[in-house]
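Asks: Can you look at this prediction? I've put the sequence above it.
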Amino acid sequence: MRLRSISPSNFGGTYTFAGGIGPALNANDQLIPGAAPVDIGSLERYRRTLAFQRMGLSAAQIRALGGGATQFSIAGGNPEADVDQSDVSFYLQDDWKLRQHLTLSPGLRYENQNNIDSNSNFAPRLGFAWSPMFGGKKKQAAPVETKNNATATPANTPKTTDVKSTTAAGPVTAPKPAPPKQPTTVIRGGIGVFYNRFSEDLILSAARFNGTNQKQYVVTDPAVLDLFPAIPAIAALDAFAQPQTRRRLGLDVQPSRSLRGTIGIEHQVSKNFRFEIGYSYGRTLHALRSVNINAPLPGTFNPLVPNSGVRPLGQSAGNIWQYQSDGRSRYDNAYFNTSGSFHKIGFWATYVWSKTWSTDNGTSGSPFDPYDFSHEWSRANYDTRHRFYSSANYQTKSGWSVNTFIVGNTGAPFNITTGHDTNGDTSFTERPGFATDLNKPGVIVTPLGAFDPNPLPGQRIIPRNFGKGPAFFSASLAVSKVIKFGRAIPAKVQAAAANGNVVTATPPATTNQKPPPKPPIQRPYQFSFSIYANNVLNHVNKGTPVGNMASPYFLKSTGTSGMFFFGPGGAGGPGGNRQISLRVRLSF
């Protein structure tokens, strides 16, 4: 495969405004004499910049009043890059029926791709299905006696001819044995190794930002930042000798490897009710992360001094983001499914409990040490602990069809950050510490605890994804009816249509034979009427709260849930907000 891509991403440049400490202003944007500095958010810094520019103040005056951009990034050079990548794989699987009630399904997959080390990606798998109560022993049919005491051999006796009675009473045939019972309980499981191929997009990114093909800058020099809103030319940035940001593949980069296993029990309680319980486990190693390997060494970066800090590869090397395969994750999942019918009401329901932990993606190191990721093992972004789905349907005697669908889950975690870059890795993902002094400036008391956005070395930092988002719940309802009208189609015409236009006569019923059932009355016209109501209770599902402490909307939801919900009618919308749809259809 050859991939050629043209991506002028961020060729127009991006200014970033971060929160921080600034002077206190009154409602008219005038300095309050003697007032202590206050913590201002990113939006407030952006507002002050625009307001003071309109007043005609100089760049130095704007910064003194708490305005001014914090960072500027831009890409330039050749937007085109290409990569050649070959990927070969094969998969073998077979089913071995060791016994009537036990089946094994072994398999093996192998995959190899160039550009990275992946020569030993053998992925064995093994599945099984076992029924501990498979029908029981077959019963032998008893001999059948005839009127002349002759014995008839059962039909399932392995002989070349069947023995029949020739008395006046006519031949007597032995009864056939009952078919074996179907299994009511089945245990299924499997375990295997899985590899995730290394995306060609990452290799393309490394080729694009190799330091020569395309240039990417992250600027914190006030001489450039004070040009806002103008976009400086790449040549101007070269004059400032700003280092580039490059992408690089690690020497040991490889596809991530996952070990996954599952086991479940299915049981048919009765013909109208069944349930299933199960557990699954997964562990992933060598997960992909992106780490700035030329970030300032711990304790050498001063957030108040741009371009400060001692870098391992030198200041001129700039930021080097390296793809590394040292991430990991684990999930545990338990589920319960049930389905059946009760008084002509069909239903199914599913409950899932899950727990997922993982390392970060390489951009949320310690606030003091960009190379310290020892405390990043925590809840994954998609760690939703409880989920529930349910549906029911009912058909009334008058022809109305009623369907419901219910979905609910607990809130997903979200990360809480300070909004500042205090370790010099150019990522604004530092987390606050648990406050030890509630009177310290900047400390915010929340329902989750008291957070200090400016923690001291040795102060305990809050875990990643410490926040918990709001729960989600939505119930939907669908009601429909089909009305057939018009002159009834004769039964012979129906039969002719069903038998390829060949009309056959129905033989008369004998005394020992029941008359055939009458076919349903067919009408030439059909009118379908349906109403679909998604989130019929109009439950408000809030979106994930803002986790940036520098934002005025910190811990507030600024919108509805981003979960896209489909109801029984197929329609839906973000957040599951109530929608009522009326559909009418005429068929003829």
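Replies: Arrived safely, thanks for sending.
Asks: lowest average confidence, helix or strand, in the chain?
Replies: Evaluated with mean pLDDT, DSSP states H and E, the helix-and-strand set of the chain has its lowest mean pLDDT in strand 151-152, which scores a mean of 47.
Asks: Could you list every helix and strand in contact with the next helix or strand along the chain from that one?
Replies: Beyond strand 151-152 on the C-terminal side, the first helix or strand identified by DSSP states H and E is strand 185-196. Contacts defined by 3 or more C-beta pairs under 8 Å, 6 or more residues apart in numbering; DSSP states H and E place strand 185-196 against strand 102-113, strand 122-130, strand 256-270. C-betas here are computed from N, CA, C, even on glycine.
Asks: Would you mind listing the buried residues in the biggest strand by length in the chain?
Replies: Scanning the chain for the longest strand, with DSSP state E as the assignment, gives strand 319-342. Judged by neighbour count using 16 or more other C-beta atoms under 10 Å, the buried positions of strand 319-342 are 319-327, 329-331, 335, 337-338, 340.
Asks: and residue 234, backbone torsions?
Replies: Residue 234 adopts backbone torsions of phi -60, psi -40, taken as degrees, to the nearest 10.
Asks: that older thread, neighbouring strands - and their directions - for the longest strand of the chain?
Replies: Next to strand 319-342 in the sheet, as set by DSSP bridges, lie strand 245-249 (parallel), strand 273-292 (antiparallel), strand 345-358 (antiparallel).
Asks: May I see those strands organised as a markdown table, with mean neighbour count, mean pLDDT and distance to residue 45 added?
Replies: Supplementary listing: these in a markdown table, determined by neighbours: other C-beta atoms under 10 Å; pLDDT from 0 to 100; distance: least, C-beta to C-beta, whole Å:
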| stretch | mean neighbour count | mean pLDDT | distance to residue 45 |
| --- | --- | --- | --- |
| strand 245-249 | 20 | 88 | 23 |
| strand 273-292 | 17 | 95 | 24 |
| strand 345-358 | 16 | 96 | 33 |
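Asks: Adding distance to residue 582, write the ones you listed out as TSV.
Replies: What follows is these, written out as TSV (distance: least, C-beta to C-beta, whole Å):
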stretch	distance to residue 582
strand 245-249	53
strand 273-292	35
strand 345-358	25
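Asks: closest one to residue 550 among those strands?
Replies: With C-beta to C-beta as the measure, strand 273-292 is the member of the strands paired with strand 319-342 nearest residue 550 (21.3 Å).
Asks: the inter-axis angle of the closest one versus strand 256-270?
Replies: Strand 273-292 and strand 256-270 meet at an angle of 170 degrees, taking axes from the mean of the first three to the mean of the last three C-alpha atoms, to 10 degrees as the criterion.
Asks: After the one helix or strand residue 45 maps to, heading C-terminal, what element do we hit next?
Replies: If you go by DSSP H and E, residue 45 is part of helix 42-54. Remark: after helix 42-54, the chain's next helix or strand is helix 59-64, criterion DSSP H and E.
Asks: how near is residue 131 to residue 201?
Replies: As defined by C-beta to C-beta, to the nearest Å, residue 131 lies at a distance of 46 Å from residue 201.
Asks: Pretty sure residue 288 sits against residue 322.
Replies: No - if you go by C-beta atoms under 8 Å, residue 288 and residue 322 don't touch, sitting 11.0 Å apart.
Asks: ok so, going back, quick check: buried residues in the helix holding residue 45?
Replies: By neighbour count, and taking 16+ other C-beta under 10 Å as the criterion, the buried residues in helix 42-54 are 42, 44, 45, 46, 47, 48, 49, 52.
Asks: tell me the mean pLDDT for that helix?
Replies: Average pLDDT, helix 42-54: 94.
Asks: Off-centre distance for it?
Replies: Its chain's average C-alpha position is 38 Å from that of helix 42-54, according to C-alpha atoms, centre = their mean, to the nearest Å.
Asks: go on, stretch 36-50?
Replies: When C-alpha coordinates are averaged (C-alpha atoms, centre = their mean), stretch 36-50 and its chain have centres 36 Å apart.
Asks: ok, now stretch 47-67?
Replies: Counting by C-alpha atoms, centre = their mean, stretch 47-67 is centred 44 Å from the centre of its parent chain.
Asks: now swap in stretch 344-356 and tell me
Replies: Worked out by C-alpha atoms, centre = their mean, stretch 344-356 lies 18 Å from the chain centre.
Asks: next one: stretch 411-422
Replies: In terms of C-alpha atoms, centre = their mean, the gap separating the centre of stretch 411-422 from the centre of its chain is 20 Å.
Asks: Tabulate the CA atom coordinates of that stretch in CSV.
Replies: Once non-C-alpha atoms are left out, stretch 411-422 reads as follows in CSV (Å, rounded to 0.1, in the frame of the first residue of the first chain):
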residue,chain,number,x,y,z
GLY,A,411,-21.1,8.8,34.2
ALA,A,412,-17.8,8.5,32.5
PRO,A,413,-14.7,10.0,34.1
PHE,A,414,-13.0,13.2,33.0
ASN,A,415,-9.7,14.8,33.7
ILE,A,416,-9.1,17.8,35.9
THR,A,417,-6.3,20.1,34.8
THR,A,418,-4.9,23.4,35.9
GLY,A,419,-4.7,24.9,32.4
HIS,A,420,-1.0,25.7,32.8
ASP,A,421,2.2,24.3,31.4
THR,A,422,4.4,24.1,34.5
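Asks: Return the set of residues that bridge with residue 188.
Replies: Listed by DSSP bridges, the beta-bridge partners for residue 188 are residue 129, residue 264.
Asks: which parts of stretch 54-67 are buried?
Replies: Residues of stretch 54-67 classed as buried by neighbour count (16+ other C-beta under 10 Å): 57, 59, 62, 63, 65, 66, 67.
Asks: so the fifth one touches residue 53, yeah?
Replies: No - at 11.1 Å, residue 65 and residue 53 do not qualify as touching, with contact defined as C-beta under 8 Å.
Asks: re the thing from before, and the strands paired with strand 319-342: which comes nearest residue 99?
Replies: Taking C-beta to C-beta as the measure, those were each checked against residue 99, and strand 273-292 came out nearest at 22.6 Å.
Asks: C-alpha coordinates for the closest one, PDB please?
Replies: C-alpha atoms of strand 273-292 as PDB (Å, rounded to 0.1, in the frame of the first residue of the first chain):
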ATOM      1  CA  PHE A 273     -37.400 -17.600  29.200                       C
ATOM      2  CA  ARG A 274     -33.700 -17.800  29.000                       C
ATOM      3  CA  PHE A 275     -30.700 -16.000  30.600                       C
ATOM      4  CA  GLU A 276     -27.000 -15.700  30.100                       C
ATOM      5  CA  ILE A 277     -24.200 -14.600  32.500                       C
ATOM      6  CA  GLY A 278     -20.600 -14.100  31.700                       C
ATOM      7  CA  TYR A 279     -17.300 -12.500  32.400                       C
ATOM      8  CA  SER A 280     -14.600 -11.200  30.200                       C
ATOM      9  CA  TYR A 281     -11.000 -10.100  30.900                       C
ATOM     10  CA  GLY A 282      -8.500  -8.200  28.800                       C
ATOM     11  CA  ARG A 283      -5.000  -6.900  29.300                       C
ATOM     12  CA  THR A 284      -3.000  -4.900  26.800                       C
ATOM     13  CA  LEU A 285       0.700  -4.300  26.700                       C
ATOM     14  CA  HIS A 286       2.900  -2.200  24.400                       C
ATOM     15  CA  ALA A 287       0.100   0.400  24.000                       C
ATOM     16  CA  LEU A 288       1.000   3.400  22.000                       C
ATOM     17  CA  ARG A 289       2.000   6.700  23.700                       C
ATOM     18  CA  SER A 290       3.600   9.900  22.500                       C
ATOM     19  CA  VAL A 291       6.200  11.400  24.800                       C
ATOM     20  CA  ASN A 292       8.200  14.600  24.400                       C
END
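Asks: now that strand and strand 185-196, what's the angle there?
Replies: Relative orientation of strand 273-292 versus strand 185-196 (the same axes, to 10 degrees): 10 degrees.
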